[in-house]
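Peer 1: Sequence below, structure please.
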Amino acid sequence: MEYHASKEERAIGAEVKEAPLVDAVPETEEYSNILERKNMSKREFYWLWAGVLIQALCISFEACLTQGISGYVASYFGVTSLTAVLPTILAVLATALVPFYAKVSDVFGRAGSLTYAFTSYLVGLTIEGSAQSFLHLGIGQIFYGMGVTGIQTLSQVVIADTTSLLHRGIMFAMYDMGNVANIWVAQALIDPITLGGAKDKWRVAYIVMGCVSGFGALALLIPLWYVQLSLKRRKVAQPPRRTLRWLATEFDIPGAILILLALSLTLMPLVLARRAAKNWQDPAIVGLFCSGIVFFVLLFVWEAKYATRPIMSFKIWTNRTAFGSLMILFLLKVLGNVVWQYLTQYFIVSRDITFGQSYLLVRGFQMAWLIFQLIAGLIMKRYKKARLLVWIGIFVYVLGVGLMIPARHQDASIFLIVISQTIAGAGGGMAHLACSVLVTGVVHKKDVATVVGASQILVSFGSAVGNAVAGGIWTQYLPSRLRVRVTRPYDMDRAMNDPLEYVKFLDPITKQQVVDAYSDSQWFMSIMGLAVAALTIVCAAMLQHVNLEQDQDTQDRIALGEEIPEIEDEKKEIKN
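Peer 2: Numbers count the residues shown, from 1 in each chain. Prediction:
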């Protein structure tokens, strides 16, 4: 039996209790693949959420370990200056594929979409672990990117499907908390993998990551398939007949083609420019980028005027709170990738430390980000405030990034390095989580998958832009600083691509000059990061108050612009 809040509770804004979990529900009028909690039993809900958290723990282990050894793997193939290329390939794929995953999950269900994503993800890890060249590594990254994009996007969709707005921040934070433990686990494995013995010991890491990730996939997919099939057996809704015409309408095929071309043609020049002889002066690079802009214009016209079921609803972009939140998420990712892309290599050459030690030195940011995400979720649950947390988080973030500028000097203390990153991570974590909740709190439940997809698109796009900017600084600005700083004979290509085996063993004077050039590049990246951080303040001014206590039905009606009769009637009674 469902609980209905009284008029008094609605009038004073009291929290509306959630409907009790039931084993069977009546048939609904419209078919939907949304996994609403009210349609699940308690056993199904807790089993599904256990799978979500186990899968998150396993995937975060892979991500932490991959991040820790990526510089070593690039050095193994002699292409350290291309360290930013693989993440950019991943970001391009993620950006292009996110809207497809969001749409496919709405049409065919969350379970089938996640099954495909996990399959592609594990195939990618296998190819990367057996790669014999940087090209093979890139091919593996394509499959990996196709898979991990779906996993990240659809996991967030499942969380939004099954949680109320008031509890969503905590659940989003819990999904990421596995990184807190995995940072230390991965750090303990990095040095044994990268130091001593055979240079290709890093392949063992991919075997371990594949086994752990496979276990995580099963932990989530088994309960997810069970719940999805169980809801169909109860006849919660009957799927419509899937004719070719229906599929074409649901998937918005013209819009899908346009968004793929627009994103690919815009982002690929960011990858290719750094390897072109003339960089952005190459007409082909400029032509590709301009073609992408043209396709964005065509996409806008199609989606706004002709699409019946647009792949990326424009209601999201015209809502100031949704737009402001999405732009903050985008800028936070740009900043992170600009500032941290080559920081590990810099610490290795400037402080004579190992990959593992360098990895640990930069983890203060990530640790603070994760911990303060959870703190922000608890604050939102207790005080029902989200917009205020965005403002606090952004100001703390700007402070931390500002402190990073002096912290990038070679003689900066370890304390200044750690504290600057910790402050930035604390602010970024709070702002990121609060924006993630706000952007899902101003849309109809039918648009949740789309808005989660939009946030993932902008995060991926921000990653691509940040990686491209960092790669451009490393491949264009760093050589100019090396020519200014270094006065003795040296190999510039090896100085940029082989910090572990070449730079560390240069004569003291030449090595110091190379380190000074590295420091100049890091300082320049931090200055750019501070400018990006300041832009988030402008976006925060767009945000409006969102009532975190509203139930999903009320949220849906507000998103549709409808009046809430119960509240209006009560206002009249109070007035009389």
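Peer 1: wait, isn't residue 535 in contact with residue 331?
Peer 2: Yes - under the criterion of C-beta atoms under 8 Å, residue 535 makes contact with residue 331 at 5.5 Å. Using the backbone N, CA and C atoms, a C-beta is placed for each residue, glycine as well.
Peer 1: So these two - more neighbours on which side?
Peer 2: Neighbours were counted for residue 535 and for residue 331 using other C-beta atoms under 10 Å; residue 331 has more, 23 against 15.
Peer 1: Give me the distance between the more buried one and residue 532.
Peer 2: For residue 331, the distance to residue 532 (C-beta to C-beta, to the nearest Å) stands at 6 Å.
Peer 1: Now list whatever residues contact both of these two.
Peer 2: Common contacts of residue 331 and residue 532 (C-beta atoms under 8 Å, 6 or more residues apart in numbering): none found.
Peer 1: In the stretch 251-400 of the chain, mark out all the helices, start to finish.
Peer 2: With DSSP state H, counting those that start in this stretch as the criterion, the stretch 251-400 of the chain has helices at 253-272, 283-305, 314-318, 320-340, 343-351, 355-361, 363-383, 387-407.
Peer 1: And the second one, what's buried?
Peer 2: Right, the one you point to is helix 283-305. Neighbour-count burial for helix 283-305 flags 285, 288-289, 291-292, 295-296, 299, 302-303 (criterion: 16 or more other C-beta atoms under 10 Å).
Peer 1: cool, the fifth one as well?
Peer 2: Applying a neighbour-count criterion of 16+ other C-beta under 10 Å, one finds 343-350 buried in helix 343-351.
Peer 1: try the last one
Peer 2: Neighbour-count burial for helix 387-407 flags 387, 389-398, 400-405, 407 (criterion: 16+ other C-beta under 10 Å).
Peer 1: buried residues in the helix or strand following that helix?
Peer 2: Heading C-terminal from helix 387-407, the first helix or strand you meet, by DSSP states H and E, is helix 414-440. Buried residues in helix 414-440, defined by neighbour count with 16+ other C-beta under 10 Å: 417-440.
Peer 1: If you count contacts, what does helix 414-440 end up packed against?
Peer 2: Counting contacts by 3 or more C-beta pairs under 8 Å, 6 or more residues apart in numbering; DSSP states H and E, helix 414-440 packs against helix 165-176, helix 320-340, helix 355-361, helix 363-383, helix 387-407, helix 448-472.
Peer 1: In a markdown table, list the ones you listed along with distance to residue 493.
Peer 2: Listed next are the helices and strands packed on helix 414-440 as a markdown table, based on distance: least, C-beta to C-beta, whole Å:
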| stretch | distance to residue 493 |
| --- | --- |
| helix 165-176 | 38 |
| helix 320-340 | 23 |
| helix 355-361 | 21 |
| helix 363-383 | 30 |
| helix 387-407 | 29 |
| helix 448-472 | 16 |
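Peer 1: Contacts for stretch 424-431, please.
Peer 2: The list of residues contacting stretch 424-431 from outside it, by C-beta under 8 Å, 6+ apart, reads 328, 332, 336, 364-373, 375-376, 389-390, 392-401, 403-404, 536.
Peer 1: and the gap between the spatially most central residue of the chain and residue 471?
Peer 2: Among the residues of the chain, the one closest to the centroid is residue 459, at 5.0 Å (C-alpha atoms, centre = their mean). From residue 459 across to residue 471, the span is 18 Å (C-beta to C-beta).
Peer 1: now swap in residue 389 and tell me
Peer 2: 33 Å.
Peer 1: tell me the SS of residue 550?
Peer 2: Look at residue 550: counting by DSSP: H, G, I helix; E, B strand; the rest coil, its state is coil.
Peer 1: thought it was touching residue 165?
Peer 2: Yes - with contact defined as C-beta under 8 Å, residue 550 counts as touching residue 165 (6.6 Å).
Peer 1: neighbour count winner among these two?
Peer 2: Shown here are residue 550 and residue 165; by other C-beta under 10 Å, residue 165 has more neighbours (24 against 20).
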